Each structure stands twice: as structure tokens, then as C-alpha cells.
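K.L.:
Give me a model of this one.
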Amino acid sequence: MKINRAILPSGRIGIAVSGGADSVALAFLLTKGGRKRNAAKRFVILHVDHGLRRESKEEYQFVRALAHRLGIPFRGTHAQVVRRKGESLEMAARRVRLAFFARCTHTLKLDAIATGHHMDDVAETFLMKLRRVSLCGIRERSEVGEIRFVRPLLGCRDSELREYLIKYGETWREDASNGDVSIERNRVRHEVIPFLERTLDRRLVEHLYSLSARICQAGDPSRG
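P.N.:
Numbering: from 1, shown residues only. Now for the predicted structure:
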């Protein structure tokens, strides 16, 4: 797997872990399954229970137990997501999550927060942005206020991350809402991309990832 460790800062890093396969794999890959020297000093696992699903409290306990097993500090929060006028539930949850990350960046003195975004996320985002005339999918590095995000798994496929966890006998939590194809990203993930891979190009995701990366590096023309 193509894990980009070069984008990781040398200081302390928060690892955003939802409990899904991608973020669990991220935690294991960055900490070497808890065996990496000084991992407890360098990393801290962050988790937000948005309280939007029945399983959310179980996911909170799962991630906390994972951090304990890896020997990595854990910082979690049970949040209450309240939508503002004109705000979608997804955007409200993101706002709550960013506020938590901002607090952690300040109180834990984090140099960056690593997320589990991977190659499939890039391809999905690229296709979704096509109709908005914005072609840069997901960047390796980005900043939201004082929060610095790094995404070392962008060169990895979702299937690779799941195979990695299965190989080492690790489990993860599946968000049932990820199967709801009424949600645009899920529709792209489960219907559009599989169809295009079958009928157009089986390496479509890799090619979209490469194209998106070149556009990001050159500067998204839609922003000019």
C-alpha cells in the first residue's frame, strides 16, 4: 500500500478514528499496531460520537478500546448535533466535528490531524465535483482555521485497507447509513463507480485519483 508518511509532521498528531475500516487501518498503520516506539507520545486517537444513530455509543466504546489496546491516548466527546437554519445534517455534524478538532489542536498541542481518506474517496469526490465545476478531489494537506489535516492514505484503495485489517485479524464498525444510495456519495460509491469500472475502465479509480492529484498540484482552475 502507498502510505505517504512524508506529509506527516514531526510533532504530535491526532488520528481521527470513526471506527470504520479506513480510520481503524490508519490507526494501525501509523502506530504499527501499538508497537511503534514512542507512539503513545506522538499520537492521540480522536473520536466524536455525534449521537445520530443507535450504534454511536457502541462505536465510541469500540474506538476507546482500540486506543487502549494500541497503547495510544484517547480523546473523545459525546456531541449534540443541532442544525442551523439552512444547514444539512451532514454539514452540522461536520461543524461539530471541526469544533472538537479545533479544541484538541489547542489543548493537546497537535501539529496535525490525520484522517483515513483514501483513493476511493478521491475518485468519488472528483465525480461529485464535476457537476460543480470544481475538479480537485481531496488534498493531501489542508487547513481549516487552526486545524491542519493530513491524509497519508490517499494512495490506498478502500479494499486494500480492509484486506490489511483482515490479514491481521482486526475488526471495524460499519455505519449502516453508508448503504443508503439516496445519499449522493453512497450512490456514486455503490452504483456509479462500479458501473463505470465494469463498462469503461477497471482502473477508473486509480486514473481519477492521478488526475485529481495533478489538478490539485497545478491549482484547481475552477478557483481562478
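
K.L.:
C-alpha only now, for contacts and for neighbours.
P.N.:
Will do.

K.L.:
wait, isn't residue 22 in contact with residue 160?
P.N.:
No: Residue 22 is beyond contact range of residue 160, at 9.4 Å (criterion: C-alpha atoms under 8 Å).

K.L.:
residue ranges of the helices in this protein, please?
P.N.:
Secondary structure of the chain (DSSP state H): helices at 21-31, 39-42, 56-70, 89-107, 119-130, 158-167, 184-187, 193-199, 204-218.

K.L.:
What's the local residue count around the residue lying closest to residue 190 once chain neighbours are set aside?
P.N.:
Nearest non-adjacent residue to residue 190, counting by C-alpha to C-alpha, 6 or more residues apart in numbering: residue 181, 7.4 Å away. Applying other C-alpha atoms under 10 Å, we find 14 residues neighbouring residue 181.

K.L.:
phi, psi of residue 181?
P.N.:
Backbone torsions for residue 181, taken as degrees, to the nearest 10, come to phi -80, psi 0.

K.L.:
Output the below-cut-off pLDDT ranges for the chain.
P.N.:
Applying pLDDT under 70 to the chain flags the ranges 133-134, 220-224.

K.L.:
What is the burial count for the closest residue to residue 202 other than its chain neighbours?
P.N.:
Leaving aside its sequence neighbours, residue 202 sits nearest to residue 196 (C-alpha to C-alpha, 6+ apart; 7.7 Å). By other C-alpha under 10 Å, 14 other residues sit near residue 196.

K.L.:
Please save the CA atoms from stretch 99-111 in CSV.
P.N.:
What follows is stretch 99-111, C-alpha atoms only, in CSV (Å, rounded to 0.1, in the frame of the first residue of the first chain):
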residue,chain,number,x,y,z
ALA,A,99,-15.1,22.4,16.7
PHE,A,100,-13.9,19.3,18.6
PHE,A,101,-10.8,19.0,16.4
ALA,A,102,-10.0,22.7,17.0
ARG,A,103,-10.2,22.2,20.8
CYS,A,104,-8.0,19.2,20.6
THR,A,105,-5.5,21.0,18.4
HIS,A,106,-5.2,23.7,21.0
THR,A,107,-5.4,21.7,24.3
LEU,A,108,-3.3,18.7,23.1
LYS,A,109,-0.9,20.9,21.1
LEU,A,110,-1.4,18.9,17.9
ASP,A,111,0.7,19.7,14.8
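
K.L.:
buried ones in it?
P.N.:
Across stretch 99-111, burial judged by 16 or more other C-alpha atoms under 10 Å covers 100, 101, 102, 104, 105, 110, 111.

K.L.:
how near is residue 214 to residue 139?
P.N.:
Counting by C-alpha to C-alpha, to the nearest Å, the separation of residue 214 from residue 139 is 11 Å.

K.L.:
Could you do residue 188 as well?
P.N.:
Taking C-alpha to C-alpha, one finds residue 188 at 19 Å from residue 139.

K.L.:
Ok, residue 103 next?
P.N.:
Noted for residue 103: a distance of 23 Å to residue 139, by C-alpha to C-alpha.

K.L.:
try residue 193
P.N.:
Shown here: residue 193 relative to residue 139, a distance of 20 Å by C-alpha to C-alpha.

K.L.:
Kindly report the same for residue 111.
P.N.:
Taken as C-alpha to C-alpha, the span from residue 111 to residue 139 is 17 Å.

K.L.:
Report the angle between the strand ranked longest in the chain and helix 21-31.
P.N.:
The residue-count maximum for a strand in the chain (DSSP state E) belongs to strand 43-49. Between the axes of strand 43-49 and helix 21-31, defined by axes from the mean of the first three to the mean of the last three C-alpha atoms, to 10 degrees, the angle is 160 degrees.
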